[in-house]
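Chemist: What shape does this take:
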Amino acid sequence: MLKAKYGDIVKVQYIGCLEDGTVFSQTNNEESLKITIGKGEVIPGFENAIVGMEPDESKTIKVKAEDAFGPHRDDLVITVDRNKLPEDLKLEIGERLKIPRQDGQITSVTVTDLSEKDVTLDANHHLSGKDLVFDIKLLEIIGTN
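Modeler: Below is the predicted model of the structure:
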């Protein structure tokens with residue numbers, strides 16, 4: 001039987017959860033995720049788990065934070081004076097904002113704390129620092145890139 005290897009283009013279905021069972025991402029019966037193994041299109045732990053799988057095989061894996069979205073970095077959390085933000089900007093804790101950087105790129109941040117004076121913004125990926133659990137089913141190996 002053919003087994004998935006680096007360089008293969010594959011289709012998978014998956015459910016991604018936190019350790020407490022909270023689902024953060026999944027495909028459904030009508031859709032699948034198509035990736036090339038080894039291209040870095042998904043997190044390393046997910047990609048590595050597919051290697052060696054056969055079509056129609058399923059498995060459950062746990063991916064440590066360092067093989068997922070990395071550790072939570074304190075240097076990516078900043079506190080901004082509210083006066084430096086637009087007055088009409090209505091903020092709520094948990095809200096995601098897109099902030100232009102000096103180099104012209106856009107950074108996504110999450111509002112993590114609010115006071116009358118300050119706003120705390122976190123530029124870490126919302127899953128950084130978290131171990132993840134994936135139920136993966138390899139649907140097919142399409143070919144090799």
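Chemist: Please, where are all the helices along this structure?
Modeler: 44-50 (DSSP state H).
Chemist: For it, which residues score under the pLDDT cut-off?
Modeler: Along the chain, the model assigns pLDDT under 70 to no residue.
Chemist: And it, split by domain according to the record?
Modeler: Residue ranges for the domains of the chain, per automatic domain parsing: 8-70+128-144, 74-122.
Chemist: Out of these, which is closest to residue 2?
Modeler: Nearest to residue 2, of all the domains of the chain, is domain 8-70+128-144, at 5.6 Å by Cβ to Cβ. (Glycine included, C-beta is placed from N, CA and C.)
Chemist: dump the residue contacts of the closest residue in space to residue 137 that isn't next to it in sequence.
Modeler: Counting by Cβ to Cβ, 6 or more residues apart in numbering, residue 137 lies nearest to residue 58, which is 4.3 Å off, once chain neighbours are set aside. Residues near residue 58 by Cβ atoms under 8 Å, 6 or more residues apart in numbering: 135, 136, 137, 138.
Chemist: at 7 Å instead, please
Modeler: By Cβ atoms under 7 Å, 6 or more residues apart in numbering, the residues touching residue 58 are 135, 136, 137.
Chemist: my read: the second one touches residue 14, true?
Modeler: Yes. With contact taken as Cβ atoms under 7 Å, residue 136 and residue 14 are classed as touching, separated by 4.8 Å.
Chemist: tally of neighbours for the residue nearest to residue 9 when sequence neighbours are not counted?
Modeler: The shortest distance from residue 9 to any non-neighbouring residue, by Cβ to Cβ, 6+ apart, is to residue 142 (4.3 Å). Residues contacting residue 142 under the criterion other Cβ atoms under 10 Å number 12.
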